[in-house]
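In: Compute the structure for the input listed below.
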Amino acid sequence: MSTVMSHDEHHGPAKGLSRWLFTTNHKDIGTLYLWFAFIMFMVGGAMAMVIRAELFQPGMQLVDPLFFNQMTTMHGLIMVFGAVMPAFVGLANWLVPMMIGAPDMALPRMNNWSFWILPFAGLMLISTMFMEGGGPAFGWTFYAPLSTTFAADSTDFFIFSVHLLGISSIMGAINIIATILNMRAPGMTLMKMPLFVWTWLITAFLLIAVMPVLAGAVTMMLTDRNFGTSFFDAAGGGDPVLFQHIFWFFGHPEVYIMILPAFGVVSHIIPTFARKKLFGYSSMVYAVAAIAFLSFIVWAHHMFTVGMPVAAELYYMYATVMIAVPTAVKVFNWTATMWKGSMTFETPMLWAIGFVFCFTIGGFTGLMLGVAPVDFQYHDTYFVVAHFHYVLLTGAVFAIIAAVYFWLPKWTGNMYDETLGKWHFWLSMISANVLFFPMHFSGLAGMPRRIPDYAVQFADFNMWSSIGGFVFGASQLIFLWVVIKSIRGGEKATDKVWEGAEGLEWTIPSPAPYHTFETPPEVK
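Out: Modelled structure (predicted):
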């Protein structure tokens, strides 16, 4: 039997910086992921503040158009690859081993490596903004030929950073699959796993399937830029629409990579505060699997306007609308779980209910965008911006925040400040809706996205959106303070953190053999 030793086994416990650099402990690595994600969330948020400040009123106020485009591009890339995905991987690191009764992740050293790639990739991505010619300014989807002909050398560094981010994601996904399939406690069958574990198992398979596709797209970009190929250049026999097909074959499952773990989080929180078992556990598992499968066969609904055949538009429209069915099953089950429950509204429950409400709005607007004839009107307007921010901000990010409030007492041993937590929720919930709801109207009225200036008839909607954005950004500082305050001390958390909900936070049928990976396990 092989033994896994910690780096500092013969030198006592690691102190200070080396503890964090060399740790193979899943909790430490989960903590690193979560802090990295929060820092990137604030950096990406600062870029969003620049965007909203420029759009506060018509006319060019603060920044030149190129810088505005760099902000929109970097904001999207940082939020997707730097904030939401690492935050969910951090939650997986903390929670999955505990939920399945495993002593650690299956591959602890690879776990360390897959984290430490991230800060370097993130720094490289941000550093492109300080290079000659400026950072990438071609949208977070970096469509060719815009990206393949963009003059600045920073694009090649951007491509390298995307490769590194993908490598990190793939390693994390391999680790999660190996852990879940091999290290469950005795008696825990797949259909007894907590739902967060299920959502991450399926998400990890999605990651392994689509990250190499993104790597292929950026590699083809690299060779088009530097080695004379013409994958996406029509003059050389290539096809710019091919880029969109490859990108969205990655990009659509990627959206579900960012929302499926959120489904898992909410499926833990709602039963806890409704004090009932989750309604329809097996249907939830099958719904997640169905969503994951369907996410692979709908990618071209992002491309209805490229001139594809009507038969293809019909197919992608019907396949897209089908995703609404398993998604509706999940919303129904969460609602049925709350129905006639003994509900209390502590901060995690508020965020979870906010998630269900806002995610449902995002789902309905997604259904609208999936209908090909009307998508011709909505395409590339602020309606699309409103849709995906309802899914990713009031969806994925709300679920991450809910998870932090829910498990923070378990992580720090201290309760968080409930009053501040509620202030954080209400300010965020109201301001996020003030920020994004008006965008539906400006989009339906024809305001195109990714532009630094606009016609005067959109002024009121944009002013409201900007005010909502500034309040939302500022209210995240409350969150930072709540977390720091809980780490530093406060009321001690009991074994039974959420009164009356015993056993619902961690679902482990039998304890695992004690083993911390600090000393070799006993060979029997």
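In: only C-alpha atoms for contact and neighbour calcs from this point on.
Out: Fine.
In: For the residue nearest the centre of the chain, list the residues it contacts.
Out: The residue lying closest to the centre of the chain (CA atoms, centre = their mean) is Val84, at 3.0 Å. Contacts here follow CA atoms under 8 Å, 6 or more residues apart in numbering; on that basis Val84 touches 37, 41, 258, 396-397.
In: one more time with 7 Å
Out: Contacts for Val84 (CA atoms under 7 Å, 6 or more residues apart in numbering) come out as 37, 258, 397.
In: Please, a PyMOL command that selects the buried ones among those residues?
Out: The PyMOL selection below is limited to those of these classed as buried (16 or more other CA atoms under 10 Å):
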select buried, resi 37+258+397
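In: related to what we said a few turns ago, now the residue nearest to the centre of the chain: how far from Val497?
Out: Distance, Val84 to Val497, using CA to CA, to the nearest Å: 26 Å.
In: Off-centre distance for whichever helix in the chain runs longest?
Out: In the chain, assigned by DSSP state H, the helix with the most residues is helix 195-226. For helix 195-226, the separation from the chain centroid amounts to 14 Å (computed by CA atoms, centre = their mean, to the nearest Å).
In: Give me the mean pLDDT for that helix.
Out: Averaging pLDDT along helix 195-226 gives 97.
In: Report the buried residues of it.
Out: 195-208, 210-215, 217-222, 224-225.
In: Which strands or helices does that helix pack on?
Out: helix 146-149, helix 154-182, helix 240-257, helix 260-274, helix 281-294 (3 or more CA pairs under 7 Å, 6 or more residues apart in numbering; DSSP states H and E).
In: so the fourth one versus helix 281-294, what angle?
Out: For helix 260-274 against helix 281-294, the angle by axes from the mean of the first three to the mean of the last three CA atoms, to 10 degrees is 160 degrees.
In: Other residues contacting helix 260-274?
Out: 88, 195-196, 199-200, 203, 277-278, 334, 337-338, 341-344, 348-349, 352, 396, 399-400, 403, 501, 504-505.
In: where does this protein dip in pLDDT?
Out: Within the chain, the segments meeting pLDDT under 70 span 1-14, 499-524.
In: Could you report the distance from Ala287 to Tyr281?
Out: For Ala287 relative to Tyr281 (CA to CA), the value is 10 Å.
In: Pro58 and Gln457 touch, don't they?
Out: No: counting by CA atoms under 7 Å, Pro58 sits too far from Gln457 to count as a contact (9.2 Å).
In: Counting neighbours around each, name which of the two comes out higher.
Out: Comparing Pro58 with Gln457 by other CA atoms under 10 Å, the one with more neighbours is Pro58, at 18 against 12.
In: Doesn't that one lie inside a strand?
Out: No: per DSSP: H, G, I helix; E, B strand; the rest coil, Pro58 lies outside any strand segment and is coil.
In: so what's the backbone phi/psi at it?
Out: phi -70, psi 160 (degrees, to the nearest 10).
In: quick one, what contacts it?
Out: Per CA under 7 Å, 6+ apart, neighbours of Pro58: 453-456, 459.
In: Sort out for me which of the residues you listed are in strands.
Out: With strands taken from DSSP state E, there is no overlap with the contacts of Pro58.
In: Among these, the buried ones, what's the ChimeraX command?
Out: Per 16+ other CA under 10 Å, the buried members of those correspond to this ChimeraX selection:
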select :453,454,459
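In: Which single one of the contacts of Pro58 is nearest to Ile51?
Out: Among the contacts of Pro58, Asp453 lies closest to Ile51 (CA to CA), at 10.7 Å.
In: Surely that closest one and Leu62 touch.
Out: No: counting by CA under 7 Å, Asp453 sits too far from Leu62 to count as a contact (11.1 Å).
In: Could you check how many residues crowd around Gly30?
Out: With other CA under 10 Å as criterion, Gly30 counts 24.
In: Assess the claim that it and Trp94 are in contact.
Out: Yes: using CA under 7 Å, Gly30 is in contact with Trp94, at 5.1 Å.
In: and the angle for the longest helix of the chain with helix 154-182?
Out: Using the same axes, to 10 degrees, the inter-axis angle of helix 195-226 relative to helix 154-182 is 150 degrees.
In: following the helix or strand hosting Val321, which helix or strand shows up next?
Out: Element membership for Val321, per DSSP states H and E: helix 310-322. Of the helices and strands lying after helix 310-322 in sequence (DSSP H and E), the nearest is helix 324-338.
In: name the helices or strands packed onto that next one?
Out: Judged by 3+ CA pairs under 7 Å, 6+ apart, helix 324-338 is in contact with helix 260-274, helix 281-294.
In: May I see those arranged in a markdown table, with distance to Leu392 as well?
Out: Converted to a markdown table, the helices and strands packed on helix 324-338 look like this (distance: least, CA to CA, whole Å):
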| stretch | distance to Leu392 |
| --- | --- |
| helix 260-274 | 10 |
| helix 281-294 | 16 |
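In: closest one to Gly187 among these?
Out: Of all the helices and strands packed on helix 324-338, helix 281-294 comes closest under CA to CA, at 17.5 Å.
In: follow-up on the earlier one: if I look at the residue nearest to the centre of the chain, how far off is Ser127?
Out: Per CA to CA, Val84 is found 20 Å from Ser127.
In: cool, and Trp481?
Out: Going from Trp481 to Ser127 by CA to CA gives 28 Å.
In: same check, this time on Thr148
Out: Relative to Ser127, Thr148 is positioned 19 Å away (CA to CA).
In: same deal with Phe67?
Out: Counting by CA to CA, the separation of Phe67 from Ser127 is 14 Å.
In: who's more crowded, the two?
Out: Taking other CA under 10 Å, Phe67 and Ser127 do not tie; Phe67 has more neighbours (19 against 15).
In: Ramachandran coordinates for the more buried one?
Out: Dihedral angles phi and psi of Phe67 (degrees, to the nearest 10) take the values phi -70, psi -40.
In: so what's the closest residue to it other than its chain neighbours up against?
Out: Spatial nearest neighbour of Phe67, chain neighbours left out: Ala137 (7.5 Å); criterion: CA to CA, 6 or more residues apart in numbering. By CA under 7 Å, 6+ apart, Ala137 lies in contact with 66, 69-70, 73.
In: between those, which is closest to Phe250?
Out: Phe250 has its nearest neighbour among those in Thr73, at 17.6 Å by CA to CA.
In: quick one: secondary structure of Gly187?
Out: Taking three-state DSSP as the rule, one finds Gly187 in the coil state.
In: Distance-wise, check it relative to Ala178.
Out: For Gly187, the distance to Ala178 (CA to CA) stands at 18 Å.
In: now do Pro409
Out: Using CA to CA, we find Pro409 at a distance of 28 Å from Ala178.
In: Neighbour count: the two, which is higher?
Out: Higher neighbour count among Pro409 and Ala178: Pro409, with 21 against 14, using other CA under 10 Å.
In: Once you drop chain neighbours, what's closest to that one?
Out: Closest to Pro409 by CA to CA, 6+ apart is Met415, at 5.0 Å.
In: burial of that neighbour, as a residue count?
Out: Look at Met415: counted by other CA under 10 Å, it has 25 neighbours.
In: Please report how far it lies from Val255.
Out: As judged by CA to CA, Met415 and Val255 stand 33 Å apart.
In: same deal with Thr31?
Out: 24 Å.
In: who's in contact with the closest residue in space to Gly237 that isn't next to it in sequence?
Out: For Gly237, ignoring the flanking residues on the chain, the nearest one in space by CA to CA, 6+ apart is Ser230 at 6.8 Å. Applying CA under 7 Å, 6+ apart to Ser230 gives the contacts 224, 236-238.
In: let's see it at 6 Å
Out: When contacts are counted by CA atoms under 6 Å, 6 or more residues apart in numbering, Ser230 touches 224, 236, 238.
In: and if you look at Leu477?
Out: Contacts of Leu477 (CA under 6 Å, 6+ apart): none.
In: Kindly recompute the last result at 10 Å.
Out: By CA atoms under 10 Å, 6 or more residues apart in numbering, the residues touching Leu477 are 42, 424.
In: What residues sit buried inside stretch 44-61?
Out: For stretch 44-61, by 16+ other CA under 10 Å, it's 44-58.
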